[in-house]
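Novice: Need coordinates for the following:
(2 chains)
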Amino acid sequence: MNTILFAYGRATDFIARTPQGSTWVVAVSVIHLTSYVAGLGPWVQFPTALAFYLTCPGAIVLDWIRISDLASRLVVVVAISLASNALIAVVLLYLGLFTPLTGLLAIILTAFGFVWSSATYRPRTGLPSVQPRLLEPR
Amino acid sequence: MREQGGEVGLSSPSVGEGRPDNTYTRPGQPIDTGLDNTMWGETSWAPWLRAPVLHFGFMILVLIVLMLSVPAVHPDQLGDLGLASVLPFTVWLAFAALIVGYAVATSFAPMSRVLGSYVAVLSIALHSLPVLAYQYPRFPWTWKHVGVVDFIQRNNAVDPGIHTMNAFHSWPGFFGLNTLLTETGGLESSLSYAAWAPIFFNLAYLGALVLLFRTITDDHRWVWTGCLFFTVANWIGQDYFAPQALAFLFYLTVMGILLSWFPRRRRGAHEARSRDRVIMAGLVFVLLVATLVSHQLTPVMIAAAAGGLALFRTTVLRWPALVVVGLLAVWMIDFARPFTVEYVPIIMSDLVTITNRLDSGLVDFGQVDTSQRAVSLAARGLTALTVVVGGLGFLRSFRSGVHWRSILVLLVAPVILVGASSYGGEILFRAFFFALPALGLLMGALWFSRVPGDRLLWSIGSLAGMIALVFGMSIIAKHGNDTRTVFRHGEVAAASYMYETAPPGSLVVQLSTSSPLRFRNYENLVDVVLEEYPENSKTRFVDDPVAFVSRLAVDGDYTETYVLLTDSQEAAVSRLGRMPPDTYDIAATSLQASDVFEVLISNDDAWLFRYTGPER
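Specialist: Below is the predicted model of the structure:
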């Protein structure tokens, strides 16, 4: 129980302290997992699945690095998410543990691992995060 | 954050590093569009053309026109030039308007958000048109890829030793990912969304291209024009529901990261924070491994390009090429061992026959019909045009002192692929696809690599004309074969019935692979594709289809034997000249009249027969 409470405390702490990618990852993960477990049907499940697989866990990148250009920022998030999720799927296939639910949980765990990493890196005060940076003239 | 006449570009450290000091704008400086105020600035309408809201409104209007035009597209009337033959006038007008609007915006409203929106809208319009017009996804391979996802859905596993399409089971990243998306998305099959893949991938490519191109310039006009040329000149058709489409996104992203965060350090250049570099190096590793488990050819391409960039000292991150080669070797020995054992000897023997590689994927003009010749000529002409215009762009930018080493590496590295394998006759197309980002940027250089002079009208007119020319040729090259790559309801109904009812160990005989194939329970059936047989076998089939298929059924000891004949197969064999033009009719008539074949499905688009004759 202590472990669960600790994990919950840390998770809420992450959300509070990392307002961008981490919050998005947590929110989308919860919404999609809920829609899948509840079996809400493709009209609800598929959009949330798409949002989940295209942005988790890559959205954490937004907290880690500075990319001000919107197109570049989007593609880095999408590419990292797709790459991470494809890798997780292959690892599960390799281990013989592949099912939709294990895949979903593995991705959520990975994403939360990134959230952990993202949160523990940051100083506890202030969240500069993704502030566009101007190029300076040479 | 916005500068006058444009927006601030990427904040990663190497942006614009290769630009000559006297040629480009920097943040805080307006972009010199070459506008001659004495000619244009005093006209009453010029301020309107500078207003972004006008361009956004214009784009919305064009999209509405396109949407209203889609019902007028009748795919059942597809002619010899494919999609182009059924597009109403308003669709052409809408695309022309977008192209002219973009060209005007490069001079009057050269803000990134305006130009980027034009390119995104054009890409969405171009790639959603076939999705909205056709009932099913294009290309037989789309259906086969759906079949691999279906296999994993049913088995929660892959089988690298499977008899058919074992490469997909050996590189399952794309398929595993789509299985998760399909299953947790509440869908029965990935066929539900496979047709939309080109729209998604092409939009994603735009982001990666921006990341890549901004390492050369932060002139939005040049960046987006390069993206636009890539979009419209991409006739190869590798952007569909396929592992290579995903791996290409990873490839572009890796190259963009290498050149953005790990450029060769130059005097005065920005240096990324060390923490950013560590993180980005980690992300490069993730992308490399994901590519490695998703597609067999792209890791080779990444090794060539990343190795070239390191060799020519345009990046300081030198390990990606070595790492990807090492991991690929491990992967082929371990997970992909069945594929390696079967195909590596073939690949090795292929190394000594380079002439086969150069022409094995090209149609034989002496064999194909007139319409196929026109489509192939459009494709070859478009390829030549991109190379010529790209070459002229290179000469123009070269004279202005732009640092082109990285782009030249990305342009030349794909040639290595041609030397490596025929890749089932597709290697020339794949090499062109990988070279196209660099070619697109080079094409844009013809207009924007130097500050333009006062020839505004010429600049707008020539740019719009070139984009329109490339677009027109691309529509024919890319969609000219739609009669044999787009399937009708009757064909899908026949194939669906067969795959749902065929017991394991069955055989299906077809004229060509141009069918909705292997998309469900695919491991239950073995294919025989007659167009791939030797000439004497084809002749024997045409002489007596009943005897030929009966012999196959009896000799092979199959559980059931089916013959699937579809309109798309007929179009394929007759257009490509691989079998006599009347083969379809001969086969359908003979099998129908035979007492050892039963008609299971007969509709306007397909025939499905089952062998009911004596067993061995």
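Novice: In chain A, mark out all the helices, start to finish.
Specialist: A:2-17, A:21-38, A:42-55, A:61-64, A:70-95, A:100-121 (DSSP state H).
Novice: cool, and the stretch 501-616 of chain B?
Specialist: Here the stretch 501-616 of chain B has its helices, by DSSP state H, counting those that start in this stretch, at B:535-543, B:545-556, B:567-576, B:583-593.
Novice: looking at those helices, which has the lowest confidence?
Specialist: With a mean of 86, helix B:567-576 has the lowest mean pLDDT of the helices of the stretch 501-616 of chain B.
Novice: can you list contacts of that helix?
Specialist: With Cβ atoms under 8 Å, 6 or more residues apart in numbering or on different chains as the contact definition, helix B:567-576 has outside contacts at B:363, B:367-369, B:371-372, B:481, B:483-488, B:490-491, B:510-515, B:531, B:578-579, B:581, B:583-584, B:605-606. Glycine gets a C-beta too; all of them are placed from N, C-alpha and C.
Novice: out of these, which are buried?
Specialist: By neighbour count, with 16 or more other Cβ atoms under 10 Å in any protein chain shown, the contacts of helix B:567-576 hold B:363, B:368, B:371-372, B:481, B:483-488, B:490-491, B:510-515, B:531, B:578-579, B:583-584, B:605-606 as buried.
Novice: Which of these fall within strands?
Specialist: With strands defined by DSSP state E, the entries of these inside them are B:Gln510, B:Ala606.
Novice: follow-up on the earlier one: for the helices of the stretch 501-616 of chain B, which one sits closest to B:Gly161?
Specialist: Using Cβ to Cβ as the measure, helix B:545-556 is the one of these that comes nearest B:Gly161, at 20.0 Å.
Novice: out of the contacts of helix B:567-576, who's near chain A?
Specialist: When Cβ under 8 Å from any Cβ of the partner chain is taken as the criterion, no member of these contacts chain A.
Novice: Now do A:Trp24 against A:His32, distance only.
Specialist: Here the distance between A:Trp24 and A:His32 works out to 12 Å (Cβ to Cβ, to the nearest Å).
Novice: Between these two, point out the one with more neighbours.
Specialist: A:His32 (25 against 20; other Cβ atoms under 10 Å in any protein chain shown).
Novice: Where does pLDDT dip in chain A?
Specialist: In the predicted model of chain A, residues A:1-19, A:117-138 satisfy pLDDT under 70.
Novice: what's the helix or strand that B:Leu288 is a member of packed up against?
Specialist: In the assignment (DSSP states H and E), B:Leu288 maps to helix B:274-292. Applying 3 or more Cβ pairs under 8 Å, 6 or more residues apart in numbering or on different chains; DSSP states H and E, one finds that helix B:274-292 makes contact with helix A:61-64, helix A:70-95, helix B:243-261, helix B:298-311, helix B:319-333.
Novice: residues contacting B:Phe434?
Specialist: Neighbours of B:Phe434 in contact, by Cβ under 8 Å, 6+ apart: B:Phe248, B:Tyr251, B:Met301, B:Ala305, B:Ala413, B:Pro414, B:Leu417.
Novice: Most widely separated two among those?
Specialist: Taking Cβ to Cβ as the measure, the contacts of B:Phe434 reach their widest spread between B:Phe248 and B:Ala413, a distance of 13.7 Å.
Novice: Neighbour count for these two, which is higher?
Specialist: Shown here are B:Phe248 and B:Ala413; by other Cβ under 10 Å, B:Phe248 has more neighbours (26 against 23).
Novice: and the gap between the more buried one and chain A?
Specialist: Between B:Phe248 and chain A the distance is 11 Å, computed by Cβ to the nearest Cβ, to the nearest Å.
Novice: and that residue, what pLDDT?
Specialist: At B:Phe248 the predicted local distance difference test score is 96.
Novice: residues touching it, list them.
Specialist: B:Phe248 neighbours (Cβ under 8 Å, 6+ apart): B:Phe201, B:Tyr205, B:Gln238, B:Asp239, B:Thr298, B:Phe433, B:Phe434.
Novice: Check whether the fourth one really touches B:Leu203, as I assumed.
Specialist: Think B:Asp239. No: at 10.4 Å, B:Asp239 and B:Leu203 do not qualify as touching, with contact defined as Cβ atoms under 8 Å.
Novice: of those two, who's got more company?
Specialist: Taking other Cβ under 10 Å, B:Asp239 and B:Leu203 do not tie; B:Asp239 has more neighbours (23 against 19).
Novice: what sits against that one?
Specialist: With contact taken as Cβ under 8 Å, 6+ apart, B:Asp239 is in contact with B:His127, B:Ala197, B:Pro198, B:Phe201, B:Asn202, B:Tyr205, B:Ala245, B:Phe248.
Novice: check contacts around the fourth one.
Specialist: Okay, so that is B:Phe201. Taking Cβ under 8 Å, 6+ apart as the definition of contact, the neighbours of B:Phe201 are B:Asp239, B:Tyr240, B:Ala245, B:Leu246, B:Phe248, B:Leu249.
Novice: Skip the chain neighbours and tell me the closest residue to B:Val508.
Specialist: In this structure, B:Val508 finds its nearest non-sequential neighbour in B:Tyr562, 4.6 Å apart by Cβ to Cβ, 6 or more residues apart in numbering or on different chains.
Novice: Check the gap between that neighbour and chain A for me.
Specialist: Using Cβ to the nearest Cβ, B:Tyr562 is found at 31 Å from chain A.
Novice: Which residue is it, in the stretch 351-500 of chain B, that comes closest to chain A?
Specialist: With Cβ to the nearest Cβ, the shortest gap between the stretch 351-500 of chain B and chain A falls at B:Pro437, namely 13.0 Å.
Novice: ugh, typo on my part, it should be the stretch 501-616 of chain B
Specialist: B:Glu523 (16.2 Å).
Novice: That residue contacts B:Phe151, doesn't it?
Specialist: Yes: A contact is recorded between B:Glu523 and B:Phe151 when judged using Cβ under 8 Å, the distance being 6.5 Å.
Novice: shared neighbours of these two, which are they?
Specialist: In contact with both B:Glu523 and B:Phe151: B:Asp159, using Cβ under 8 Å, 6+ apart.
Novice: Between those two, which has more neighbouring residues?
Specialist: Legend: neighbour count by other Cβ under 10 Å for B:Glu523 and B:Phe151, higher for B:Phe151 (25 against 18).
Novice: quick one: buried residues of the helix or strand containing B:Leu463?
Specialist: B:Leu463 belongs to helix B:456-479 when assigned by DSSP H and E. By neighbour count on 16+ other Cβ under 10 Å, the buried set for helix B:456-479 is B:456, B:459-460, B:463-464, B:466-479.
Novice: Over to stretch B:566-583?
Specialist: For stretch B:566-583, by 16+ other Cβ under 10 Å, it's B:566-579, B:583.
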